[in-house]
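*Asks:* Okay, predicted coordinates and the sequence, questions at the end:
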Amino acid sequence: MRLLMAIFIPPLVFFTIWRPFQGILCAILWLTIIGWPVAAIWAVYALSQYRNDEIRDEFIQDRNFIRRSRRY
């Protein structure tokens, strides 16, 4: 869902991943016809980085949980 949003309405993606300042800059870029493809690519890239951060955080939490459970 967010990927389609990143392609068609790029600024909205930045607001859903808690990056409002980048969303405002992307909205300014998105309003120009020439900047729309650049804004869409930027939104897709930011979304992929956000997903990687979520996966990394989840992995670290799982790893810490396993370490704590082995001590006892």
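*Replies:* Nice, I can see it.
*Asks:* Now do the same contact list for the residue sitting nearest the centre point of the chain.
*Replies:* Nearest to the geometric centre of the chain sits Leu47, at 2.9 Å (CA atoms, centre = their mean). With contact set as CB atoms under 8 Å, 6 or more residues apart in numbering, Leu47 has these partners: Arg2, Leu3, Ala6, Val13, Ile17. For the C-beta atoms, the positions are set from N, CA and C on the backbone; glycine is no exception.
*Asks:* now do Pro10
*Replies:* Taking CB under 8 Å, 6+ apart as the contact definition, Pro10 lies against Cys26, Trp30, Trp36, Ala39, Ala40, Trp42, Ala43.
*Asks:* burial count for the second one?
*Replies:* By that I understand Trp30. Counted with other CB atoms under 10 Å, residues neighbouring Trp30 total 21.
*Asks:* try the fourth one
*Replies:* Counted with other CB under 10 Å, residues neighbouring Ala39 total 24.
*Asks:* And for the first one?
*Replies:* Taking other CB under 10 Å as the neighbour definition, Cys26 ends up with a count of 26.
*Asks:* What sits closest to it if chain neighbours are left out?
*Replies:* Distances taken as CB to CB, 6 or more residues apart in numbering place Pro11 nearest to Cys26, at 4.4 Å, with adjacent residues excluded.
*Asks:* Where is the longest helix in this protein?
*Replies:* Secondary structure of the chain per DSSP state H: the longest helix is helix 36-71.
*Asks:* That helix: which residues count as buried?
*Replies:* Within helix 36-71, the residues that qualify as buried are Ala39, Ala40, Trp42, Ala43, Val44, Ala46, Leu47, Tyr50, counting by 16 or more other CB atoms under 10 Å.
*Asks:* And those, which is closest to Asp62?
*Replies:* Nearest to Asp62, judged by CB to CB, of the buried residues of helix 36-71 is Tyr50 at 18.9 Å.
*Asks:* Contacts only, for that closest one.
*Replies:* Contacts of Tyr50 by CB under 8 Å, 6+ apart are Ile17.
*Asks:* Appreciated, that's everything.
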